[in-house]
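[1] I would like to see how this sequence folds:
(one chain, ligands or ions: 2)
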Amino acid sequence: MLRIKNLVAGYGRASVLRDVSVDVEVGGLTTVLGPNGAGKSTLMRSISGVVKASHGSIEFQGERLDRLEAHEIVRRGVVHVPEGRQIFPDLTVAEHLQLGAIAAGRPSSRPDVEEFIFNMFPRLKERRRQTAGTLSGGEQQMLAFGRALMAEPKLLLLDEPSMGLAPVLVEQMLEVVRQLIRDRGLTVLLVEQNTRLAMALSNIVYVLENGAIAFSGTRDEAKSSSVIQDLYLGVKSKG
Ligand SMILES: Nc1ncnc2c1ncn2[C@@H]1O[C@H](COP(=O)(O)OP(=O)(O)O)[C@@H](O)[C@H]1O
Ligand SMILES: [Mg+2]
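    Ligands and ions are numbered 1, 2, ... in the order given. The predicted structure is shown next:
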């Protein structure tokens, strides 16, 4: 579904990603694990067109994404839930959801999709007229997630959704991801530092270290890999 080949990308003249190749198959969950500073968010930004590739290619359903602008990429069904949520404090919950639909090129929210999101996250429904700045961190993460779902993604890019969330909320969010994959045929690319979380969910695991792929394999292969064991123990971090 998504095929990243020999990607080199970064900021200005400094390359962060060095020859990164990642394949995401339709209908499952692929995780890119890596310590802080490894380039995970840069990889997500490259896919969503915010960071431009200087070498290599990114193909989605046979089309080159790396030649498209960010707004065109969302319309292809590739939707990014950025790190740190990127919520607008003065806009309401309902307005955020509407923005998700607009980003995907739809003039307004589809009521059935909104209904689906409110069913998954009843807290958002209760707070639909509240401004996002007044929400808790967990609620803001749900909102970022809901906004992305309003764009009706085929491929959802999740950048460290567990960051700053209480374990019970992480569990709840994971359950929603599982449901979407199972019932709606969604495909998910997740980047995480949280090894346990990734291992609980993923079909395929990659490890990114210092901008390069250090491991790729199935979850079972990953479990017995020394690269992953090192990450578990946290012995590999940048610097
Ligand atoms: N906007 C930016 N401008 C310049 N350098 C950046 C920017 N964002 C990230 N970097 C650098 O790119 C490297 C990888 O960062 P990032 O992709 O955010 O890693 P991760 O998400 O794995 O923690 C880091 O060295 C970071 O300092
Ligand atoms: Mg990051």
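[2] in stretch 171-190, what's buried?
    173-174, 176-177, 180-181, 186-190 (16 or more other Cβ atoms under 10 Å). Quick note: C-beta positions are derived from backbone N, CA and C, even for glycine.
[3] closest to residue 22 out of these?
    Closest approach to residue 22 among the buried residues of stretch 171-190 (Cβ to Cβ): residue 189, at 8.0 Å.
[4] can you list the strands that the one helix or strand that closest one maps to pairs with?
    Counting by DSSP states H and E, the element that carries residue 189 is strand 187-192. Neighbouring strands of strand 187-192 in its sheet, by DSSP bridges, are strand 29-33 (parallel), strand 155-159 (parallel).
[5] what about the first one, near ligand 1?
    Yep, that's strand 29-33 we're talking about. No - using Cβ under 6 Å from any ligand atom, strand 29-33 never reaches ligand 1; the gap is at least 8.7 Å.
[6] which residue sits farthest out from the middle of this protein?
    Going by Cα atoms, centre = their mean, the residue of the chain most distant from its centre is residue 129, 26.3 Å out.
[7] tell me the contacts of that residue?
    92-94 (Cβ atoms under 8 Å, 6 or more residues apart in numbering).
[8] quick one, helices of this protein?
    40-47, 70-75, 93-103, 111-120, 122-126, 137-150, 167-184, 195-201, 219-223, 226-233 (DSSP state H).
[9] quick check: mean pLDDT of the fifth one?
    The one in question is helix 122-126. For helix 122-126, the mean per-residue pLDDT is 93.
[10] what does the chain put close to ligand 1?
    Residues of the chain lying near ligand 1 (Cβ under 6 Å from any ligand atom): 11, 16, 34, 36-42.
[11] going by neighbour count, which of these comes out on top?
    The most crowded member of those, judged by other Cβ atoms under 10 Å, is residue 34 (28 neighbours).
[12] and the closest residue to that residue other than its chain neighbours, how many residues sit next to it?
    Leaving out its chain neighbours, the residue that sits closest to residue 34 by Cβ to Cβ, 6 or more residues apart in numbering is residue 208, at 3.7 Å. Residue 208: 23 surrounding residues under other Cβ under 10 Å.
[13] which ones are touching residue 208?
    20, 32-34, 38-40, 43, 191, 214.
[14] so which bits of this structure are right by ligand 2?
    Residues of the chain lying close to ligand 2 (Cβ under 5 Å from the ion) are 40-41, 83.
[15] least confident pick among those?
    Per-residue pLDDT puts residue 83 lowest of those, at 88.
[16] for it, grab phi and psi.
    phi -60, psi 140 (degrees, to the nearest 10).
[17] name the nearest residue to it, ignoring sequence neighbours.
    Residue 83 sits nearest to residue 159 (Cβ to Cβ, 6+ apart), 4.1 Å away.
[18] correct me, but residue 191 touches residue 156?
    No - contact between residue 191 and residue 156 fails when scored by Cβ atoms under 8 Å: they sit 11.8 Å apart.
[19] helix or strand with the lowest mean pLDDT in the chain?
    helix 226-233 (a mean of 76; mean pLDDT, DSSP states H and E).
[20] that older thread, what angle do the strand holding residue 189 and helix 167-184 make?
    160 degrees (axes from the mean of the first three to the mean of the last three Cα atoms, to 10 degrees).
[21] dump the C-alpha coordinates for strand 187-192 into PDB.
    Extracted C-alpha coordinates of strand 187-192, given in PDB (Å, rounded to 0.1, in the frame of the first residue of the first chain):
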ATOM      1  CA  THR A 187      -4.200   0.500   7.600                       C
ATOM      2  CA  VAL A 188      -2.000   2.100  10.300                       C
ATOM      3  CA  LEU A 189       1.600   3.200  10.400                       C
ATOM      4  CA  LEU A 190       2.600   3.900  14.000                       C
ATOM      5  CA  VAL A 191       5.800   5.400  15.200                       C
ATOM      6  CA  GLU A 192       6.600   4.800  18.900                       C
END
